[in-house]
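Asks: Any chance you can model this:
(2 chains)
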Amino acid sequence: MSAVAKLKKPFRFTQGPVWRASRAIVKRRKVQTFVIGMVVCVSAISAVLGLGLLQASTGPFEHAFGRQDGAHAVVSFDTAKVSEAQLAATGHAAGVTGAAGPFPAGSVSLVLGPDGDHAERVTVVGRPQPGAGEVDRVNLWSGRWATAPGEIVLNVPPGRRLMGPPGQGPNVTTTVTGPGLPTFTVVGYAYSVSASGDAWVAPSQIAALHPDHLEMLYRFQNAGGDDQVKAGLARATAGLPADALIGFQSWRTTRASMLAKLESLLPMLIAFGVLALAVSVLIVLNVVGGAVVAGHRDIGVYKTIGFTPRQVVNVFVATMAVPAVAGTVIGIPVGNLVGQPLLDKAFDSLGGQQGISPLADVACLILVPLVVGLAAYLPARRAAAMSANAAISAGAAPRRGRGLTIQRRLAGSRLPRSLSMGLGLPFARPARSALTFAAVLLGVTTVVFANGLARAMTGVSAASDRIGAVSYDVGHDPKTPAALDRTSMEKAIRGTSGVDGVAGVTRGMVGVAGMTTAVDAEFYQGDSARMGWAMVKGHWLDGPNQIVAPARFLNRHHLALGQVLTLELDGRTARATVVGEDVTGGDSMLIADWATLQQLDPGRGADAFEVHTATGVDRQAVAAKLRVLDPAWWVQVRDYGDPNAGIKYFSTLFTVILSLVAALGVFNTVLLNTRERRRDLGMLKSIGMTPRQVVAMIVTSMGLLGLAGGIVGLPLGYLVYQAVMPLMAHAQGLDLPAGLTDVYSAPLLAWMFLAGVGIAVLGAFVPARSAARLSISEVLRSE
Amino acid sequence: MTSTEPIVRLDDVRKDFGDTAAVDGVTLHISQGEAVAVMGPSGCGKSTLLNLVAGLDRPSSGRVVVHGEDLSALNETGLALFRRRRIGMIFQFFNLIDDLPALDNVALAAQLTGTPAGQARRRALELLGELGIADRKNTYPQRLSGGERQRVAVARALMNRPALLLADEPTGALDSRSSEQVMDLLIDLNQLGQTLLLVTHDPRLATRCASRLVEVADGRIVAERALERTA
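Replies: Next up, the predicted model:
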């Protein structure tokens, strides 16, 4: 047949010998095919998560910004200097690729929520709909847009706890108001990555809020840096009066502010992403490669009946293609389903719309089957190059001469023979054992790392929020006349059974000599030492004229313990010494003692009280007692929910997935080992090995790998933790005391050490039981 | 078990594989110290018969009692313990573990019963010495001749002093010289009081080693006769 004729001949793969042979293998080895499909499926899930996390962690703001067509510049114009028509025209200027507005806007004081005790300065924008214009397509994620009088939509990232009384959960019927303003009902929650407003009302309603500027949103052709944004804005507003522009916010500033909230999470996401990918690849190599090696006998037989080496390779690649495609096709959507809430939690500060990128899905769709194909191709090609007889004998049993000395020594040991034989088995297939060991190792590393991280972050959060130390905040609504004054109230709180400590606290802005901006100061009196402030260095306030400050503040101002600061308030000064560094807090806050406050503001009383309760008391019952002391004083039970739910979710999910993948790797190894050793197993049973001894032998063989995985994985997980935890703390500007980062107790380490054995036993038990039930007569007949 | 009771009792035993009866209503009694050879064409059910006696297969009906133990009453663990204590098996293809040298292959059977390694190895060496291959104790199966491998297999089968030695085509994979050696060994063992049940195609093996011949066809015993051992 000529070459042209050959090309014209229709390709009839499904009727060819390769297809028939591979279909026969798939039919004959249903369990193996199923296991490979499962492994590929879980690996695809893991790879989708890994790639999704890595991709999302690279430029998370840009992804969110791109989805909303975020504004490169949010610009305020003076309504007295420029008309709406003039501003609308700037949207068509050269270099502007998109614009929205002008929207009338006002800066007003709003008291947010029924329990709010102070007004916040917020920008309210009159906007007809969330997607008005070509840029800043606001994500209306709860409720509806404000269209009628008295309605307002607040800018809140999706998934955040909505405002409302603690413990009552999401509440979209909350009202907001402010001094001299009408009351608005919150009808929806929306989110703008561009931070184009704090709240939105219908344009017809903005008049009631006394708008003081017009807002325009622009996207520019070139906006890579602040200079380009400024240049673009200058071109767009070139025709406007010089003083019409009263302020603008670059997308770079918004980006920096939002990324600061994510910085602590990114190293963890990247670490998990890399671990997930590594485990996926490793496990596929192990399972698929092992299956091909176990098929050497078949390869030999196919060669004997005339298959060419290429056909043999094709048979095995085609055999693996079935579970590879099925596993990938099922795994990718499952990975998306599992990954979506993960990314929502991780990136909620960016609006939570951070889905798994389609690119990650496409990459997995191509790469997972490719890795499977390669894992099948390489050992199949090597086997196909062997002589038929060599392949048959290589497939009959593990290559002799490996680990014989070890097995011999074990045979002479005092251990029960089933255990000593099990301990020797991994040495018969060192390459397979090494890959299985690596899978277990990564599983243990993940367990150790994830556990450490979750514990440390929980500890940091608990220290930061002083969970367990401060049970209630008690304060006074100045609008309501109170029967009890501060002193009487403090006395009454102290006299309430179950109360174990009360600290008065007053907050305010003070100046610090040498600093250009005012600083948030908290002044404590009473039992402040019981209020759970965790110290990194130095000590808590224990005398007059002392200051404790967070690391961020000390680092920003290059301060050290022992330095004396001069605080200023309304012309009065007080000198106080920095005596301690506490765990958390911003870069513009300090805590000082009551004597210092009295020098700055003589006679000033406590604004509020922090209350500590004795261990084991019913906090709600004590709160009820406090509330009846004087209804003019509000009592708020501290309830932060679980601030680390996201991190716990991450660590639990990854621990489960990676442990499952590792256990599947072990499962497959045992399956292959028992198939190869069917004859030996049959013989052992024929001379009296009981089913329990068979299970013990096989589980021991994998237990050894698990133990080794524990021995190496424990320090490795600890090292990963030690590398990532400081990065996360550093990103948050935290100095963490050893008490918060030394999270691994001896019992915990012991449990995690056993995690490797647990993974191995979990993976080995089912195929070991199946091997124990092997019919001896069938095995001996067929072998 | 009293000394007058047969060591093996098969009463109307039947074993079906799907629609096919591999063993069909066989009744066979073997006394202590007897050497019984089962012969018949391929697929006649003789290996299945041996597997039923060894507790490797369970009968579809009928009763198999070996050394006083009703095998149908035993679970898998019970059968394993039965095999460990009461019987030794020799296979056509030896079924030695390639990763263990001859000595440890033999010692393995005792070690499974909990015998300490040192004691098991001493007994194994003794047996290898009795079978004339003590000098091959550290040799791995792949480096042994066929005859030597079968001797190692016989030693392993004898390790726990079984009441009954079962042999499935013990010379089937051996050259004539090695076959002779194995036959001599089996005769010696039987003369020392070891009860033997052989399955074979080889009339020479049957006539040399057995005191009784059972012929099987289509799963049934078609003839049974006493033999005079030939030299």
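
Asks: looking at the chain, which helix or strand is least sure?
Replies: Picking chain A for this. helix A:3-8 (a mean of 49; mean pLDDT, DSSP states H and E).

Asks: nope, chain B
Replies: Per mean pLDDT, DSSP H and E, helix B:176-191 ranks last in chain B, at a mean of 86.

Asks: Contacts for that helix, please.
Replies: B:33, B:35, B:131, B:145-147, B:150-151, B:154, B:158, B:165, B:167, B:170-171, B:174, B:196, B:198, B:202, B:204-205, B:208-209, B:211, B:229 (Cβ atoms under 8 Å, 6 or more residues apart in numbering or on different chains). All C-beta spots, glycine's among them, are computed from the backbone N, C-alpha and C.

Asks: Tell me if I'm right that A:Val512 and A:Val564 touch.
Replies: No - A:Val512 is not in contact with A:Val564 according to Cβ atoms under 8 Å; the separation is 11.1 Å.

Asks: What is the neighbour count of A:Arg67?
Replies: 16 (other Cβ atoms under 10 Å in any protein chain shown).

Asks: returning to what we had before: any of the contacts of helix B:176-191 buried? List them.
Replies: Buried members of the contacts of helix B:176-191, scored by 16 or more other Cβ atoms under 10 Å in any protein chain shown, are B:35, B:131, B:146-147, B:150-151, B:154, B:158, B:165, B:167, B:170-171, B:174, B:196, B:198, B:202, B:205, B:208-209, B:211.

Asks: quick one on the thing from earlier: any idea which helix or strand comes after the least confident helix or strand of chain A?
Replies: Using DSSP states H and E, the helix or strand that follows helix A:3-8 in sequence is helix A:17-28.

Asks: in that following helix, what counts as buried?
Replies: Those would be A:Val18, A:Ala21, A:Ser22, A:Ile25, A:Val26, for helix A:17-28 by 16+ other Cβ under 10 Å.

Asks: before we move on, back to that, who has more neighbours, A:Val512 and A:Val564?
Replies: A:Val512 (20 against 11).

Asks: Let me see the contact set for the more buried one.
Replies: A:Val519, A:Leu565, A:Thr566, A:Leu567, A:Glu568, A:Leu590.

Asks: Out of the residues you listed, name the ones that lie in helices.
Replies: Among the contacts of A:Val512, DSSP state H puts none in helices.

Asks: quick one: which of these is most hemmed in?
Replies: A:Leu590 (26 neighbours).

Asks: what about residue 95, how many residues close to it?
Replies: You didn't say which chain, so I picked chain A. A:Gly95 has 17 nearby residues by other Cβ under 10 Å.

Asks: if you could check chain B rather than the one you did, that'd help
Replies: Neighbours of B:Asn95 (other Cβ under 10 Å): 24.

Asks: Just the closest of the contacts of A:Val512 to A:Ser745, please.
Replies: Each of the contacts of A:Val512 was scored against A:Ser745 by Cβ to Cβ, and A:Leu590 proved nearest at 34.0 Å.

Asks: does the closest one really touch A:Arg552, like I thought?
Replies: No - contact criterion Cβ under 8 Å: A:Leu590 and A:Arg552 do not qualify, at 10.9 Å.

Asks: for chain A, which helix is longest?
Replies: helix A:691-731.

Asks: element containing the spatially most central residue of chain B?
Replies: The centre of chain B sits closest to B:Leu166, judged by Cα atoms, centre = their mean, with a distance of 1.3 Å. Applying DSSP H and E as the criterion places B:Leu166 in strand B:164-168.

Asks: and A:Asp227, how many neighbours?
Replies: 11.

Asks: can you check the one 10 residues further on too?
Replies: Using other Cβ under 10 Å, A:Thr237 has 23 neighbouring residues.

Asks: do A:Gln598 as well
Replies: So A:Gln598, with other Cβ under 10 Å, has 15 neighbours.

Asks: Run through the residues that contact it.
Replies: A:Arg604.

Asks: just to revisit the earlier point, so which of the buried ones among the contacts of helix B:176-191 also contact chain A?
Replies: Among these, not one lies near chain A by Cβ under 8 Å from any Cβ of the partner chain.
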